[in-house]
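In: Turn this into a model:
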Amino acid sequence: MGGVVQGCGTAGAYAAIKDNGSVVTWGHYRMGGDSSSVASLLTTGVVQVVVTDSAFAVIKDNGSVVTWGEWKHGGDSRAVATFLAEGVVQVCGNTRAFAALKSNGSVVTWGDTFSGGISSLVAPLLAKDVVQVSATSMNAFAAIKANDSVVTWGSHFYGGDSSAVAPLLTEGVVQVCGTHGACAALLANGSVVTWGDDGAGGDSSKVAPLLTGVVQVCGSGGAFAAIKSDGSVVTWGDDSYGGDSSTVAPLLSEGVVQIYSSEYAFAAIKANGSVVTWGDSRYGGDSSAVAPLLTEGIVAIC
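Out: Presented below is the predicted three-dimensional model:
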């Protein structure tokens, strides 16, 4: 019997990949806990599993994709089965839809229409030359193309519509990330472009003069944090999600090398191995109870 090498979960079920390439599932049957309908396809060759909130998708070693779980949230991929039979190199999921990148640079989508499961409005832009796909918010996707431009789709309430900033996304994009309702793109010149729900970080106008020399952007549920090349941090978005870092501003003025996020808070590792936290105190924003243990030697946070 093989050992487990990877596992992940939806909102109510789990799937585990074993070292023999088979998959074991358990949990709520409507959220992917019951994989009996595709059991014969999950006995060997599975190399990766990804999720929406209630469905699973796996990539097999032959480049095919198998899905199960809530059909409305990506569990039913029959409409695009022909396109998922081979050549898939990456799959990602937001809350209710999946997007698959193929080896020929095209993108296949399925699941909830509102969440980007239907990408017909941008289909010509997703037919070739895509190099990376990401679920940038709860209900939207973004694709980076070979020319470093960005294509977005999904709910316009959650960052699926980037038309307002489209001229700024035609070249030089190196990273795209999101909150629940907004997106941020980091450009090669160190600038940041944002769009989507203003209150969730889509409006960065108040900190725009500070968003130069940025090297990393990270999103919580409703705010963004950016590390600059000088090791300082800039934050914006909903204060209750970590958009306001004023209480720890002196600690974020230099030396930050990595930022991690939870739903409501951020944690930054500094070059001296210490950690700085901010955001909702109930959800990780207040680390005062363990502060003496976070002054040195921290190399990663999860």
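
In: what about residue 283, how many neighbours?
Out: By the criterion of other Cβ atoms under 10 Å, residue 283 has 16 neighbours. Just so you know, the C-beta spots here come from the backbone N, C-alpha and C atoms, and that holds for glycine as well.

In: wouldn't it be in contact with residue 265 here?
Out: Yes - using Cβ atoms under 8 Å, residue 283 is in contact with residue 265, at 5.3 Å.

In: Number of residues surrounding residue 81?
Out: Residue 81 is flanked by 15 other residues according to other Cβ under 10 Å.

In: from now on call the first residue 281
Out: Sure, I'll start counting at 281 from here, so that last one is residue 361.

In: OK, contacts around the residue nearest to residue 499 when sequence neighbours are not counted?
Out: Nearest residue to residue 499, sequence neighbours excluded (Cβ to Cβ, 6 or more residues apart in numbering): residue 459, at 4.4 Å. By Cβ atoms under 8 Å, 6 or more residues apart in numbering, residue 459 lies in contact with 417, 476-477, 480-481, 499-504, 517, 521.

In: which one among those residues gets closest to residue 355?
Out: residue 417 (20.7 Å; Cβ to Cβ).

In: what is that closest one paired to in the beta sheet?
Out: Beta bridges link residue 417 to residue 420, judged by DSSP bridges.

In: Next: residue 508.
Out: residue 494.

In: Just to check, it is in contact with residue 514?
Out: Yes - assessed by Cβ under 8 Å, residue 508 is found in contact with residue 514 at 6.7 Å.

In: Residues in contact with both of these two, list them for me.
Out: By the contact definition Cβ under 8 Å, 6+ apart, residue 508 and residue 514 are jointly contacted by 490, 494.

In: Is there a neighbour count for residue 524? I'd like the number.
Out: Using other Cβ under 10 Å as the criterion, residue 524 is surrounded by 17 other residues.

In: Am I right that it is in a strand?
Out: No - if the criterion is DSSP: H, G, I helix; E, B strand; the rest coil, then residue 524 is coil and not within a strand.

In: so the closest residue to it other than its chain neighbours bridges to which residues?
Out: Spatial nearest neighbour of residue 524, chain neighbours left out: residue 515 (6.8 Å); criterion: Cβ to Cβ, 6+ apart. Note on residue 515: beta-bridge partners by DSSP bridges are residue 505.

In: Please report how far residue 515 lies from residue 555.
Out: Distance, residue 515 to residue 555, by Cβ to Cβ, to the nearest Å: 16 Å.
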